[in-house]
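# Okay, predicted coordinates and the sequence, questions at the end:
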Amino acid sequence: MNQTSESQVLLVTENSRLDIEFELSVFDGPLIEKTAEGEVFSFQIGDGQLLPQLENLLIGLEVDTTAKFTLVPEQAFGRSDPNNFQVMPKSDFPADMPLSLGHVIGFDTPTGDEVPGTIIAVNGDEVTINFNHPLADKVIVFSATIKAIYQD
């Protein structure tokens, strides 16, 4: 009796294109982002749409696998760097811009990129901006279901 070729299980590799459903939240905290009901997030491993740390967690998984990971800050968005806090004069901001605590502002870098900064203090004529990632120092929970794997 001849054996027919066994169906090969596709696994996520460093070269995969994927469709996933995912949820990203702060441990014991708010939901940060998730795919909409019935929608998938499509991306190529290494294309920069997803943090490399999160992509690496998906490698080796197969279609219809759901995995949930808890990442300490060093595995996710890092720890706050005290050098990423800057005090700026209020006059550097448009007069009609609300300078309230927690307000996130996009700042242009010399290379033309935009970097978010969060207002953490307003004292007199000075505004203190935190340029660390908003999720720095947070424990993150990442849950993903592999919906499709495409190998080129």
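Ah, there it is.
# contacts and neighbour counts: CA atoms only from here.
Fine.
# Hmm, residue 105 and residue 114 touching each other?
No: using C-alpha atoms under 8 Å, residue 114 is not in contact with residue 105, being 9.5 Å away.
# Name the residue in the two with the higher neighbour count.
residue 105 (16 against 12; other C-alpha atoms under 10 Å).
# lowest-confidence helix or strand of this protein?
strand 104-108 (a mean of 90; mean pLDDT, DSSP states H and E).
# buried set for the helix or strand that it is followed by?
Next in sequence after strand 104-108, counting helices and strands by DSSP states H and E, comes strand 114-123. Neighbour-count burial for strand 114-123 flags 117, 118, 119, 120, 121, 122 (criterion: 16 or more other C-alpha atoms under 10 Å).
# Any chance of these in JSON lines with distance to residue 55 as columns?
Shown next, in JSON lines, are the buried residues of strand 114-123 (distance: C-alpha to C-alpha, whole Å):
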{"residue": "117", "distance to residue 55": "26"}
{"residue": "118", "distance to residue 55": "27"}
{"residue": "119", "distance to residue 55": "31"}
{"residue": "120", "distance to residue 55": "31"}
{"residue": "121", "distance to residue 55": "35"}
{"residue": "122", "distance to residue 55": "38"}
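# Cool, thanks, signing off.
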